[in-house]
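Student: For reference, the sequence and a predicted model appear below.
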Amino acid sequence: MVREILLLGDPRLYQVSLPVEKEEVGTLKEVVQDLHDILMDFRKKYGAGRAIAAPQIGVFKRLIYMCIDEPVVFINPTLYFEDNEMMEVLDDCMSFPGLLVRVKRYKRCTIRFKDLDFRDREMRLEGDLSELLQHEYDHLDGILATMRAIDEKAFFYKEPKIVLNEE
């Protein structure tokens, strides 16, 4: 059974997540599997979805799961910004499918994190991947894209594309 994604309006989405302790890593495999299953289920249903943060499923730990070409698990990530160059994007979220929010994000960032073996890792990101990880990182701090809207007219509704299974 796939866990439910917390939706906009759920007060738990505004909770700040706690760091993952080294001794907890063994218990994360089930959470990581849940995040993977939810992301794949969302992708199958909506034809979109590249990453999800643990708080979106009610697990308030500093954990992000991304699956583009291959899965990457970010434990206790920290973002660093190389410069102040920003970009304006229409941000979407699995917690509010169909709602787009115009926000400003850093064009480039570096993310430092622990992997599932609790080893230090680092990844440099640019463009849409930089935006994506900033969005997911915000979830760890209880911040939604709606809170980063550039102004009160920055919201757009786009009918979610629901993919029908043709079997």
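Tutor: In hand now; what should we look at?
Student: Run me through the strand neighbours of the lengthiest strand in the chain, direction for each.
Tutor: Of all segments of type strand in the chain, defined using DSSP state E, the longest is strand 71-80. For strand 71-80, the pairing partners within the sheet under DSSP bridges are strand 63-67 (antiparallel), strand 108-114 (antiparallel).
Student: who's in contact with the helix or strand following the last one?
Tutor: Okay, so that is strand 108-114. Once strand 108-114 ends, the next helix or strand along the chain (criterion: DSSP states H and E) is strand 120-126. With contact meaning C-beta atoms under 8 Å, 6 or more residues apart in numbering, strand 120-126 is reached by Val72, Lys107, Arg108, Cys109, Thr110, Ile111, Arg112, Phe113, Lys114, Asp115, Leu132, Leu133. Heads up, the C-betas are built off the backbone N, CA and C, glycines and all.
Student: Name every strand pairing with strand 120-126 and say which way it goes.
Tutor: Strand pairing for strand 120-126, using DSSP bridges, gives strand 108-114 (antiparallel).
Student: what comes up buried for the strand it pairs with?
Tutor: Of the residues in strand 108-114, those buried under the neighbour-count criterion (16 or more other C-beta atoms under 10 Å) are Arg108, Cys109, Ile111, Phe113, Lys114.
Student: Look up the closest residue to Leu7, ignoring the ones flanking it.
Tutor: Excluding its sequence neighbours, the residue lying closest to Leu7 (C-beta to C-beta, 6 or more residues apart in numbering) is Ser95, at 5.6 Å.
Student: who's in contact with that neighbour?
Tutor: Ile5, Leu6, Leu7, Leu8, Asp10, Leu13, Gln56, Leu144.
Student: Quick check: ChimeraX command selecting the buried ones in the residues you listed.
Tutor: What follows is the ChimeraX syntax for the buried subset of these, where burial is set by 16+ other C-beta under 10 Å:
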select :5,6,13,56,144
